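need coordinates for the following:
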Amino acid sequence: MKSTFHINTSLIVLCFTIVVFVISSCNEKPRHIGATIQPNRDLLSVSFTDSAYIVAYSLPEDSIRTDATTEMLAGSITDPIFGSSVAGFYSQFRLSTSGHSFGTNPVADSLVLQLAYKDAYGDTLSTQTVRVYELLEDIFVDSAYYSKSFKQTSTTDLANFSFAPRPKSTIVNALDTLHPFSPRIRIRLSDLSAELMDKLMHASATDIDSNNHFQEYFKGLYIVADRIASGGAISYFNIGSTESYLRLYYKNDEADSLSYTFYVTSYDEHYNVFNQFNYQNAEPALVNQVVNGDTMLGTSNLYMQAMSGIKTKIRFPKIAEYQEFVGKNIVINEAKLFLSGIEKPSTYGAPAQLILVKDDGDGTFTVLQDQLEGAVYFGGNYKSSVNEYQFRLTRYIQDLLINGKGNDDYGLLLFIPGASGKADRWKFNGTNPQSDTLKPLRLEVVYSIMN
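Numbers count the residues shown, from 1 in each chain. The predicted structure follows:
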């Protein structure tokens, strides 16, 4: 990664000049607090600046844990900014009853995977194709699994299911119009191959006498979408719903229309996996910044992407030098960080919320003191009217002002919360966008100078 900071004598002189200029000329004549009741030496001069030096750049997210979410993601998106992304998931299934008997001379008819929608992100008019494979490797509910933890599966494709996501459409039940079905998809897993259907049909009594034995016999499924050429969406499925299941239809000597259902519960492992293909068909500016590590490109554009995609690093390396340059004590009355979008999102909407944390420099992070004041104070929600996010960082900036010089400060990290179960992405302005009409990433500070 290219170095962003290099301090020498000339730079310090330049910074001193800039800071003095900002304090003396960026504001209207400062107001004086208590001018009529305090001695002249105790006057407080209130000032404003939005010219704080900021270093910001986007970088790839690490593999994130994805087994702690109920939303299972499957789908594909290809857009001109972020390129291609594909989501899939692994899931175990459990017996609905232990020790089930398929009766005398059972014959399998069909095997259907049903998935209940939770939501979808992207172009839901685009048709895409989902594949389903049998999982051949054990997964365990008491283990941790991450977004790049790919497992061995059968090469037999059980489905070639094409659909356009319809997460908001209800399905009318002809037998009960007062209680329509909630949105779901039904994928037949026996049309291309009867392999898995026959395996379940001919499980031994021992294989289905308990869930432990059953999950050793049948380890689960891998559901994943084909990479789409353009457009596309990621569907969110509620895998724990009673309307999500694997159902085997069969007959035997006693009856013609029988079925047995396998469910997924919180006692069964399931987790998401994501692939961005190293952003090989994303816009060049993103590739150079995120993949090739050219951090200077953060002056123009910055990026955020869920699904273990992209996060952004933000630093204020010269805040601690302000008091030294001014030669007097400074108190931060308010500090707000503004992140402005380049254009208002349409098909691929902005995340409802972003989260900002303190980077500890060792792969961990700490919640900011400002966040402990509450969500209304701290901010982070998307403001659609201005295509912007705002964070109040008064305590953090005051601490940098007092303790930052000479101490290790690794800056802040900007995330999309719940990124293990979301597909959101967002492009926003850097610290010095190329067009003067664009609002830069900026820190607006109201501060008092102790005279």
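
got a list of what K118 touches?
70-71, 167, 236-238 (C-beta atoms under 8 Å, 6 or more residues apart in numbering). The way it works is simple: take the backbone N, C-alpha and C, and place the C-beta from them, glycine included.

give me the buried entries from these.
Listed as buried from these are 71, 167, 236-238; burial here means 16 or more other C-beta atoms under 10 Å.

can you lay out the residues you listed as TSV showing secondary structure?
TSV is the format used below for the buried ones among the contacts of K118 (DSSP: H, G, I helix; E, B strand; the rest coil):
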residue	secondary structure
E71	strand
P167	coil
Y236	strand
F237	strand
N238	strand
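
which of the residues you listed sits closest to Y121?
In terms of C-beta to C-beta, no member of the buried ones among the contacts of K118 lies closer to Y121 than Y236, at 7.4 Å.

which residues touch that closest one?
71-73, 117-121, 167, 421-423.

hang on, the earlier thing: tell me which two in the buried ones among the contacts of K118 are the farthest apart.
In the buried ones among the contacts of K118, the most distant members under the criterion C-beta to C-beta are E71 and P167, with 11.4 Å between them.

reformat the buried ones among the contacts of K118 as a markdown table; add distance to D198.
What follows is these, written out as a markdown table (distance: C-beta to C-beta, whole Å):
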| residue | distance to D198 |
| --- | --- |
| E71 | 32 |
| P167 | 33 |
| Y236 | 32 |
| F237 | 26 |
| N238 | 29 |
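
can you read off the backbone torsions of the closest residue in space to Q369 that isn't next to it in sequence?
Excluding its sequence neighbours, the residue lying closest to Q369 (C-beta to C-beta, 6 or more residues apart in numbering) is R395, at 4.3 Å. When quoted as degrees, to the nearest 10, the phi and psi of R395 stand at phi -60, psi -40.

ok, back up a step: could I get the buried ones among the contacts of K118 in a markdown table, plus columns for distance to A229 and pLDDT?
Output for the buried ones among the contacts of K118, formatted as a markdown table (distance: C-beta to C-beta, whole Å; pLDDT from 0 to 100):
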| residue | distance to A229 | pLDDT |
| --- | --- | --- |
| E71 | 26 | 91 |
| P167 | 22 | 92 |
| Y236 | 22 | 97 |
| F237 | 23 | 97 |
| N238 | 29 | 96 |
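
of the residues you listed, closest to R315?
Looking across these and measuring by C-beta to C-beta, the closest to R315 is E71, at 32.8 Å.

I figured that closest one hits N238, correct?
Yes. Counting by C-beta atoms under 8 Å, E71 touches N238, with 7.0 Å between them.

A helix includes A320, no?
Yes. Applying three-state DSSP, one finds A320 inside a helix.

count the neighbours of it for me.
Using other C-beta atoms under 10 Å, A320 has 18 neighbouring residues.

distance check, it against A225.
Going from A320 to A225 by C-beta to C-beta, to the nearest Å gives 48 Å.

quick one: distance of the longest strand seen in the chain to the chain centre.
Longest strand in the chain by number of residues (criterion: DSSP state E): strand 107-122. Here the centre of strand 107-122 is set off from its chain's centre by 24 Å, with C-alpha atoms, centre = their mean, to the nearest Å.

again with stretch 99-111
From the chain centre to the centre of stretch 99-111 is a distance of 43 Å (C-alpha atoms, centre = their mean).

which parts of that stretch are buried?
Buried positions in stretch 99-111, judged by neighbour count with 16+ other C-beta under 10 Å: 102, 106, 108-109, 111.

so what touches stretch 142-159?
Contacts to stretch 142-159, defined as C-beta under 8 Å, 6+ apart, come from residues 63-67, 90, 113, 130-137, 139, 187-193, 195-196, 221-222, 269, 271-274, 307-308, 420.

equivalent analysis for stretch 400-414, please.
Stretch 400-414 is touched from outside by 55, 304, 311-316, 319-324, 330, 332, 339, 354-361, 365, 368, 396, with contacts defined as C-beta under 8 Å, 6+ apart.

kindly export it (C-alpha atoms) in PDB.
Presented in PDB, the C-alpha positions along stretch 400-414 are these (Å, rounded to 0.1, in the frame of the first residue of the first chain):
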ATOM      1  CA  LEU A 400      -7.000  13.500  19.300                       C
ATOM      2  CA  LEU A 401      -6.400  17.200  20.000                       C
ATOM      3  CA  ILE A 402      -5.200  16.500  23.600                       C
ATOM      4  CA  ASN A 403      -3.600  13.100  23.300                       C
ATOM      5  CA  GLY A 404      -3.100  12.300  19.700                       C
ATOM      6  CA  LYS A 405       0.400  13.800  19.100                       C
ATOM      7  CA  GLY A 406       3.100  11.200  19.700                       C
ATOM      8  CA  ASN A 407       0.500   8.500  20.400                       C
ATOM      9  CA  ASP A 408      -0.500   5.700  18.100                       C
ATOM     10  CA  ASP A 409      -3.800   6.500  16.500                       C
ATOM     11  CA  TYR A 410      -4.900   4.100  13.700                       C
ATOM     12  CA  GLY A 411      -7.900   6.200  12.700                       C
ATOM     13  CA  LEU A 412     -11.400   5.000  12.000                       C
ATOM     14  CA  LEU A 413     -13.000   2.200  10.000                       C
ATOM     15  CA  LEU A 414     -16.300   2.700   8.200                       C
END
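
give the partner strands of whichever strand or helix holds A87 in its sheet and their orientations.
Element membership of A87 [criterion: DSSP states H and E] is strand 83-91. Take DSSP bridges as the rule and strand 83-91 pairs in its sheet with strand 71-79 (antiparallel), strand 221-225 (antiparallel), strand 270-275 (antiparallel).

between the longest one and strand 107-122, how many degrees?
Right, the one you point to is strand 71-79. 60 degrees (axes from the mean of the first three to the mean of the last three C-alpha atoms, to 10 degrees).

what's the span of stretch 97-116, first residue to last?
End-to-end distance for stretch 97-116, by C-alpha to C-alpha, to the nearest Å: 22 Å.

quick one, phi psi at the closest residue to N288 other than its chain neighbours?
The spatially closest residue to N288, leaving aside those adjacent along the chain, is D294, at 4.7 Å (C-beta to C-beta, 6+ apart). Main-chain torsions, D294, degrees, to the nearest 10: phi -80, psi 90.

over to the one 3 residues further on?
Backbone dihedrals for L297, given as degrees, to the nearest 10, come out at phi -70, psi -10.

and the gap between the closest residue to Q371 other than its chain neighbours and L189?
The shortest distance from Q371 to any non-neighbouring residue, by C-beta to C-beta, 6+ apart, is to F378 (4.6 Å). Distance, F378 to L189, using C-beta to C-beta: 47 Å.
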